[in-house]
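*Asks:* What follows is a predicted protein model with its sequence.
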Amino acid sequence: MSMENDVGVLKERLKELEELTQLSQALSSTIEVDETLRTIIESCLSLCKASYALLSLLDPQSSEIVKTLVRSYEH
């Protein structure tokens with residue numbers, strides 16, 4: 001049983017690493033802000049196994065929220 005659990009944990013970690021690699025590649029290949037934010041929020045939902053996520057983009061000068069994305073995810 002312990003070895004089966006270890007294999008399961010390793011498979012889950014591999015999946016997480018693959019998703020992080022895909023996220024990294026997507027972020028480095030696009031300059032489109034909306035696409036980048038969608039990629040980030042979708043990856044966060046998947047990696048964190050969250051049901052909901054909210055991502056806000058702040059203007060560094062004014063500290064005001066420029067964009068907000070809200071997503072839900074069905075597992």
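*Replies:* All right, it came through fine.
*Asks:* Centre of the chain to the host helix or strand of Glu42, how far?
*Replies:* Here Glu42 is covered by helix 33-48, with elements defined by DSSP states H and E. In terms of C-alpha atoms, centre = their mean, to the nearest Å, the centre of helix 33-48 is set 4 Å apart from its chain centre.
*Asks:* List the buried residues for it?
*Replies:* Buried residues in helix 33-48, counting neighbours by 16 or more other C-beta atoms under 10 Å, are found at 37, 39-46. (Glycine included, C-beta is placed from N, CA and C.)
*Asks:* what does stretch 23-31 give?
*Replies:* For stretch 23-31, a neighbour-count test (16+ other C-beta under 10 Å) marks 23, 26 as buried.
*Asks:* could the buried residues of helix 33-48 go into CSV alongside distance to Gln25 and pLDDT?
*Replies:* Listed next are the buried residues of helix 33-48 as CSV, based on distance: C-beta to C-beta, whole Å; pLDDT from 0 to 100:
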residue, distance to Gln25, pLDDT
Leu37, 16, 87
Thr39, 10, 86
Ile40, 13, 87
Ile41, 17, 90
Glu42, 14, 88
Ser43, 11, 87
Cys44, 16, 87
Leu45, 18, 89
Ser46, 15, 86
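*Asks:* Identify the single longest helix in this structure, thanks.
*Replies:* helix 2-29 (DSSP state H).
*Asks:* Please name every helix or strand in contact with that helix.
*Replies:* In this structure, helix 2-29 makes packing contacts with helix 33-48, judged by 3 or more C-beta pairs under 8 Å, 6 or more residues apart in numbering; DSSP states H and E.
*Asks:* Residues contacting the helix it packs on, please?
*Replies:* Contacts to helix 33-48, defined as C-beta atoms under 8 Å, 6 or more residues apart in numbering, come from residues 16, 19-20, 22-23, 26-27, 30, 50, 52-53, 55, 57, 67, 69, 71, 73.
*Asks:* measure Arg13 to Leu20 for me?
*Replies:* 10 Å (C-beta to C-beta, to the nearest Å).
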